[in-house]
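**Q** I'd like to go over a predicted model; first the sequence, then the structure.
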Amino acid sequence: MNKISSLCGVFAALVLALPLVVVAPGMAEAAQAPAAKKKAEQPAPGSSANVNVYEKQPPVTDKELLDFLELLPQFRAWAKGNNEEAHPIMRNNKADFLYSPNAAAWVQAHNWNPVRFFCVMGRMAAALSIVEEGNDMSGARSKDMPEVSEGELALARRHLGTMLKAGGDVPPINK
C-alpha cells in the first residue's frame, strides 16, 4: 500500500508541477468545445476574472477521464517544450486553476474545452491526493484543492494505474 500511496503522490505532483501562468481575460470563454465537452456550463463573455474552473462543472465521467488521460502526456510534453505553466491556486478564497492563453489554445485544438480540461486535471489530482491519504475525504486538504465527489474518488481508484502511467510519461516541468 505504501508503494501505491507514493505513486499517487508522484502522479499528483507530476500533474500539479506545471508552473503558474495567469489566464488572459476572455480566453476561457473564447474557447469553443465540441458538443461532448459543452455539457459543462460556460462562463459569460468578459467575465474570466471572476470565472472559477470548478464552478458549475458536473462530476468527471469515466469516458472523460480516459480521454483526459490519453491527452495528458501530450499536454505535459507540449507544456515542458514551450515553457508553459499551469497549476491550482487560490482565488477569492476558493480553489481554482490558472493556465495560459497558449495552454487554453492547445487544449482547445485537441477538442477540449480549456475550463473543463483544467477542472478535470485539478479534481483528479485532488482525488489522487485523497487516495494517497487513505481515502479519508474528511481530513484537512490543501486550500487550493477542489471538492471531489464520491464518484470522482471512485474513478481515481478504478483508473489508478492508468492515471499513474499518464502522469509519469513526462518528467515534471522544472524551472
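**A** The structure has been received and is ready for your questions. Everything quoted here is computed from the prediction, not taken from an experiment.

**Q** what's the next secondary structure element after the lowest-mean-pLDDT helix or strand in the chain?
**A** Comparing helices and strands within the chain by mean pLDDT, DSSP states H and E singles out helix 27-30 as the least confident, with a mean of 35. Using DSSP states H and E, the next helix or strand after helix 27-30 towards the C-terminus is helix 62-81.

**Q** may I see the buried residues of that next one?
**A** Counting neighbours by 16 or more other Cβ atoms under 10 Å, one finds that the buried residues in helix 62-81 are 64-65, 67-69, 71-73, 75-76, 78-80. Glycine gets a C-beta too; all of them are placed from N, C-alpha and C.

**Q** just for this structure, where's the confidence low?
**A** Within the chain, the stretches with pLDDT under 70 are 1-50, 135-140, 168-175.

**Q** please redo it, this time with the cut-off set to 90
**A** Along the chain, the model assigns pLDDT under 90 to residues 1-51, 85-87, 98, 128-144, 147, 160-175.

**Q** okay, now Y54: neighbour count?
**A** 19 (other Cβ atoms under 10 Å).

**Q** residue contacts, it?
**A** Listed by Cβ atoms under 8 Å, 6 or more residues apart in numbering, the contact partners of Y54 are K94, A95, D96, F97, C119, G122, R123, P146, E147.

**Q** for the last one, what are its contacts?
**A** For E147, the contacting residues are Y54, A95, A126, by Cβ under 8 Å, 6+ apart.

**Q** can you tell me the SS state at A95?
**A** Secondary structure for A95, judged by DSSP: H, G, I helix; E, B strand; the rest coil, is strand.

**Q** which helix or strand contains the nearest residue in space to it that is not next to it in sequence?
**A** Counting by Cβ to Cβ, 6 or more residues apart in numbering, P146 is the residue found nearest to A95 once chain neighbours are left out, at 4.4 Å. Of the helices and strands defined by DSSP H and E, none includes P146.

**Q** ok, now which ones touch P146?
**A** If you count contacts by Cβ under 8 Å, 6+ apart, P146 has them with Y54, P88, A95, C119, G122, R123, A126.

**Q** which ones among these lie within strands?
**A** P88, A95 (DSSP state E).

**Q** would TSV of the contacts of P146 with distance to W106 be doable?
**A** Below are the contacts of P146 laid out as TSV (distance: Cβ to Cβ, whole Å):
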residue	distance to W106
Y54	21
P88	19
A95	23
C119	16
G122	17
R123	20
A126	23
